[in-house]
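> Okay, sequence plus prediction incoming.
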Amino acid sequence: MENSTNEPQPASGDGEPELALKTAIEAAYRAEGSADHPACQPSAAAEDPEVAHGVLLLKAAGVASAELIAHLDTWEWLLTRTAGYDHFRIPPFVEDSKAGRVRTVLSGRSLIALLIELWNTRSTASALGGDWPLAQAVYLRIASGLADVTGQGTTIRIVLDDGLPPDPGAAD
């Protein structure tokens, strides 16, 4: 039977909780672009971590490219976390910057893979081990970069170096 109502239909195996989560994510995502819809403001999404994570995934899906600046060691750690993930793609270049930093450009699809792997690592790694703080810091930095995405074609710049001053001349 065809879906004639244009309402989202659950995929095989999806239950009501999964459909409810997808609906909540989509509502929160749409509300972030609509200041006159108070029921689903970004603060409402923040109350449910899964909804907030889903909104980030939707935002990442709409990104053509994001510039990433990190130390080579951090970049290698990110690669080992995501290299086997279906949606992660090795970027076409990784440019040697200075002082051990690298610069690369990631697609929205690769950002999705990073966010999912970082989300999983944050959930499973020990708080006092090395993986949790790395995953938490990178996840929050990507989330911050995606927070103000407006659909206006600006390049997202994710800098994983608190010692690096912001680049006021960075191209958008």
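Thanks, I have the structure now.
> Okay, strands next: where are they in this protein?
Here the chain has its strands, by DSSP state E, at 66-71, 94-96, 101-106, 156-159.
> distance between the second one and the chain's centre?
Centroid separation between strand 94-96 and its chain, computed with C-alpha atoms, centre = their mean, to the nearest Å, is 22 Å.
> likewise the third one?
Shown here is strand 101-106, whose average C-alpha point lies 16 Å from the average C-alpha point of the whole chain (C-alpha atoms, centre = their mean).
> can you check the first one too?
Distance, stretch centre to chain centre, for strand 66-71: 14 Å (C-alpha atoms, centre = their mean).
> Low-confidence stretches in the protein?
Applying pLDDT under 70 to the chain picks out residues 1-14, 33-46, 150-151, 164-172.
> Using the record's assignment, carve this protein into domains.
Domain segmentation of the chain under automatic domain parsing yields 16-51, 60-159.
> gap between Leu56 and Gly163?
26 Å (C-beta to C-beta, to the nearest Å). Placement of C-beta: from N, CA and C, glycine included.
> now Arg30
Taken as C-beta to C-beta, the span from Arg30 to Gly163 is 38 Å.
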